[in-house]
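*Asks:* How does the following fold in three dimensions:
(2 chains)
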Protein chains: 2
Amino acid sequence: MKQQETEISTLGEFGLIERLTQGFVCKNPGTHKGVGDDCAVLRGNGDSETLVTTDLLLEGIHFDLTYVPLRHLGYKAVVVNVSDVVAMNGTPRQVTVSLGISKRFTVEHIAELYAGIRLACETYGVDLVGGDTSASVTGLVISITCIGEAPKGDIVYRSGAHDTDLICVSGDLGAAYMGLQLLERERAAGQGIADFQPDFAGREYILERQLKPEARRDVLDELRQLGIRPTAMMDVSDGLSSELLHICKSSGVGCRVYENRIPIDYQTAVMAEELNMNVITAAMNGGEDYELLFTVPLTDHEKVSQMRTARLIGRITKPELGACMVTRDDNEVEIRAQGWNAFSQEPTTAPHK
Amino acid sequence: MKQQETEISTLGEFGLIERLTQGFVCKNPGTHKGVGDDCAVLRGNGDSETLVTTDLLLEGIHFDLTYVPLRHLGYKAVVVNVSDVVAMNGTPRQVTVSLGISKRFTVEHIAELYAGIRLACETYGVDLVGGDTSASVTGLVISITCIGEAPKGDIVYRSGAHDTDLICVSGDLGAAYMGLQLLERERAAGQGIADFQPDFAGREYILERQLKPEARRDVLDELRQLGIRPTAMMDVSDGLSSELLHICKSSGVGCRVYENRIPIDYQTAVMAEELNMNVITAAMNGGEDYELLFTVPLTDHEKVSQMRTARLIGRITKPELGACMVTRDDNEVEIRAQGWNAFSQEPTTAPHK
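*Replies:* Alright, predicted model coming up:
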């Protein structure tokens, strides 16, 4: 590296994207929303809007094939994209799948990957419409783009949260991260041992959260049934802390979330205990849960309290109050994005953006 | 590899895609055309159709940074996608850009790549609307998706060619391939020599064809001006032979193209002579020209004869006559796809699908 050159890790993923896309002005009248949300939004002259999102998964960065079955990988690769469309209150319709395949993979391996892709397409009613397939010098490369649709006016952005809105999150958090820790522990334990049998008994839930996440369409259904329209929404892929900060930044607001309201499954808690990790840190920063984080007007308090799929975890504040977590002992701790940095010094298998 | 496992090279890129996408049925009413053309076609309820195409470019497979400047690479990565939209008679509108970046790249390197991406976006009136950026364990990964638009009924597929139609191609062929040969020769010549100055004098055209191809929107303009509507169309990315076979297969027809009608630039011919290569082979199988190959009804003979941007090279026949080139000495040679195979035994930098 020459002098005056900048290492990418000094900017991080979001800093780099911000720097690179600075000054790109969208000129097509059909481009309603470009970079900066879960999906781009395109407008035709019909009565619906088009959503576009894309994710790149690289071997050795986003997945480790020593413990991720190819079928699960294919399923998850589609789901993480579908989740971005769902997080905009849209319906996923099509995907394209591009693969870079190194020589150690056989046709049968790739057919396994596709079996997972196919299952996800069927589960979410999505059509596979194209892609590109190529050799790769090293490792497996998966690039998926998902196209979705929403009636005009239905799309929910990150930027719509207002002071006094309530903050809700679906399901529970930290399980996917603890599942990853479990997989890595068993991999380490099994190294060099022939016929090693990993011990996953009683840990099925956290494993499934890591290996086979789902997009929460059912949360959208319940919101519609209850007549709730979120003011802002996104999916939890990098971790709750990181996503809360995105909503606060995009909406120009602050937030308070309550530690004792963060939903955590008992398998997550037990695993954290066993590994001597702080379970709240896992829930706040673990990522890959693909739950929905959303805000609703204060007047919907009664309605959201009835929700089966989501719970209230805090409220939106004026921006000058910043973003904080209120701990069990009533202290305020500033929320910082400690989620996975794609450009950290040592790339390891880690949660996917 | 276990027994009964199949090496991917035995199927090749198109065979693998066919095998993997077998039995995927498109179920969304909005999915008008899935896998099998330059773009997928999506239909909303407005008066236009949406085109989607995606390309994956991998370092060491599709490009070699020892002689491809990052700025040119960014430009070309957008253009190859734009060209797929143009080849369906559409207008490109948006792109998403996903990057996998290994540690040897600095922010300044990636900014160079983006300068090329930006220039291509400006040149083709395309908006950058999203993407994904990640670390990569080895090499640069570029995945671009382009979204385009066409008025309902305007899209031209590969499948519309009929017996007696005329076959036309724009520009000239084989130049991009000879440009690649020149770059590889100079790279080999310069290996181990400090301050080596490659000799590119008088070869600017073939170099530019390799390093900075353009999508032929101007051909679409001329077709419209002359009132010609192609019956089938695609872009020449893998080589004329391969593309002719795609049109014949999709349309259920045969073809005759005439060797003495294949358009070749004099720099291409001189370079082939110098390297002792057959220039017709380069033109038929070289690829990466991004010219437009299209068919028109026989009744448009007079109109296409006037075209500045394209020329007549043959005609469509009944399927039982097969696909042949008629040589200068009036022999018929069967056309076979000798274009680049992405899964050949030895991956080398090679034309991009």
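*Asks:* where along chain A do the strands fall?
*Replies:* Assigned strands in chain A, in chain order: A:31-33, A:40-43, A:48-58, A:91-101, A:127-135, A:141-151, A:166-170, A:232-235, A:254-258, A:292-296, A:310-317, A:323-326, A:332-334 (criterion: DSSP state E).
*Asks:* Does residue A:85 touch residue A:155 like I think?
*Replies:* No - the pair residue A:85 / residue A:155 is not scored as a contact, 10.1 Å apart, by CB atoms under 8 Å. Where you see a C-beta, it was placed from the backbone N, CA and C, and this is true even at glycine.
*Asks:* where do the contact lists of these two overlap?
*Replies:* residue A:51 (CB atoms under 8 Å, 6 or more residues apart in numbering or on different chains).
*Asks:* thinking again about what came up before, and the strands of chain A as CSV, adding distance to chain B?
*Replies:* What follows is the strands of chain A, written out as CSV (distance: least, CB to the nearest CB, whole Å):
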stretch, distance to chain B
strand A:31-33, 4
strand A:40-43, 4
strand A:48-58, 4
strand A:91-101, 4
strand A:127-135, 4
strand A:141-151, 4
strand A:166-170, 23
strand A:232-235, 14
strand A:254-258, 25
strand A:292-296, 19
strand A:310-317, 26
strand A:323-326, 24
strand A:332-334, 26
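*Asks:* which one of those is the most hemmed in?
*Replies:* Per-stretch averages of neighbours, counted by mean count of other CB atoms under 10 Å in any protein chain shown, single out strand A:292-296 among those, with a mean of 28.
*Asks:* OK, contacts around residue A:292?
*Replies:* A:86-87, A:169-170, A:216, A:219-220, A:233-236, A:310.
*Asks:* Could you do residue A:28 as well?
*Replies:* Applying CB under 8 Å, 6+ apart, we find residue A:28 in contact with B:93-94, B:125-127.
*Asks:* one step back: can I get the strands of chain A in a markdown table with mean pLDDT?
*Replies:* Below are those laid out as a markdown table (pLDDT from 0 to 100):
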| stretch | mean pLDDT |
| --- | --- |
| strand A:31-33 | 88 |
| strand A:40-43 | 90 |
| strand A:48-58 | 94 |
| strand A:91-101 | 95 |
| strand A:127-135 | 92 |
| strand A:141-151 | 96 |
| strand A:166-170 | 98 |
| strand A:232-235 | 98 |
| strand A:254-258 | 98 |
| strand A:292-296 | 98 |
| strand A:310-317 | 98 |
| strand A:323-326 | 97 |
| strand A:332-334 | 96 |
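*Asks:* Residue ranges of each domain in chain A, please.
*Replies:* The record's domain parsing of chain A by automatic domain parsing lists A:8-151, A:158-334.
*Asks:* Between residue A:85 and residue A:155, tell me which one has more neighbours.
*Replies:* Counted by other CB atoms under 10 Å in any protein chain shown, residue A:85 and residue A:155 do not tie: residue A:85 has more neighbours, with 28 against 20.
*Asks:* Check chain A and tell me which residue is nearest its centre.
*Replies:* Compute the mean C-alpha point of chain A, and by CA atoms, centre = their mean the closest residue is residue A:237, 1.9 Å away.
*Asks:* Looking at the domains of chain A, which is nearest to residue B:303?
*Replies:* Checking the domains of chain A against residue B:303 by CB to CB gives domain A:8-151 as the closest, at 31.3 Å.
*Asks:* Endpoint to endpoint, the closest one covers what distance?
*Replies:* End-to-end span of domain A:8-151 (CA to CA, to the nearest Å): 39 Å.
*Asks:* Equivalent analysis for stretch A:194-211, please.
*Replies:* 23 Å.
*Asks:* Going by proximity to chain B, name the top residue of chain A.
*Replies:* The nearest approach of chain A to chain B comes at residue A:46, 3.0 Å away (CB to the nearest CB).
*Asks:* Tell me if I'm right that that residue and residue B:45 touch.
*Replies:* Yes - counting by CB under 8 Å, residue B:45 is a contact partner of residue A:46 at 4.4 Å.
*Asks:* And those two? Which one has more around it.
*Replies:* Just comparing residue A:46 and residue B:45: by other CB under 10 Å the higher neighbour count belongs to residue A:46, 16 against 11.
*Asks:* Tell me which residues touch the more buried one, please.
*Replies:* So residue A:46 contacts B:44-47 (CB under 8 Å, 6+ apart).
*Asks:* Would you reformat those residues as TSV and include pLDDT and distance to residue B:275?
*Replies:* Listed next are the contacts of residue A:46 as TSV, based on pLDDT from 0 to 100; distance: CB to CB, whole Å:
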residue	pLDDT	distance to residue B:275
B:44	78	50
B:45	77	55
B:46	81	52
B:47	87	51
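*Asks:* Which of those lies at the shortest distance from chain A?
*Replies:* When these are compared against chain A (criterion: CB to the nearest CB), the nearest one is residue B:46, at 3.0 Å.
*Asks:* Starting from residue B:37, give me the distance back to the closest one.
*Replies:* 21 Å (CB to CB, to the nearest Å).
*Asks:* wouldn't residue A:7 be in contact with residue B:107 here?
*Replies:* Yes - using CB under 8 Å, residue A:7 is in contact with residue B:107, at 7.4 Å.
*Asks:* what's the distance between the residue nearest to the centre of chain A and residue A:249?
*Replies:* Look at residue A:237 and residue A:249: by CB to CB, they are 16 Å apart.
*Asks:* ok, now residue A:72?
*Replies:* To residue A:249, residue A:72 is 33 Å away according to CB to CB.
*Asks:* The domains of chain A: lowest mean pLDDT?
*Replies:* When those are ranked by mean pLDDT, domain A:8-151 comes last with a mean of 92.
*Asks:* Tell me where the stretch 201-350 of chain A has helices.
*Replies:* For the stretch 201-350 of chain A, helices defined by DSSP state H, counting those that start in this stretch occupy the ranges A:204-211, A:217-225, A:240-251, A:266-274, A:279-285, A:301-305.
*Asks:* Noted, bye for now.
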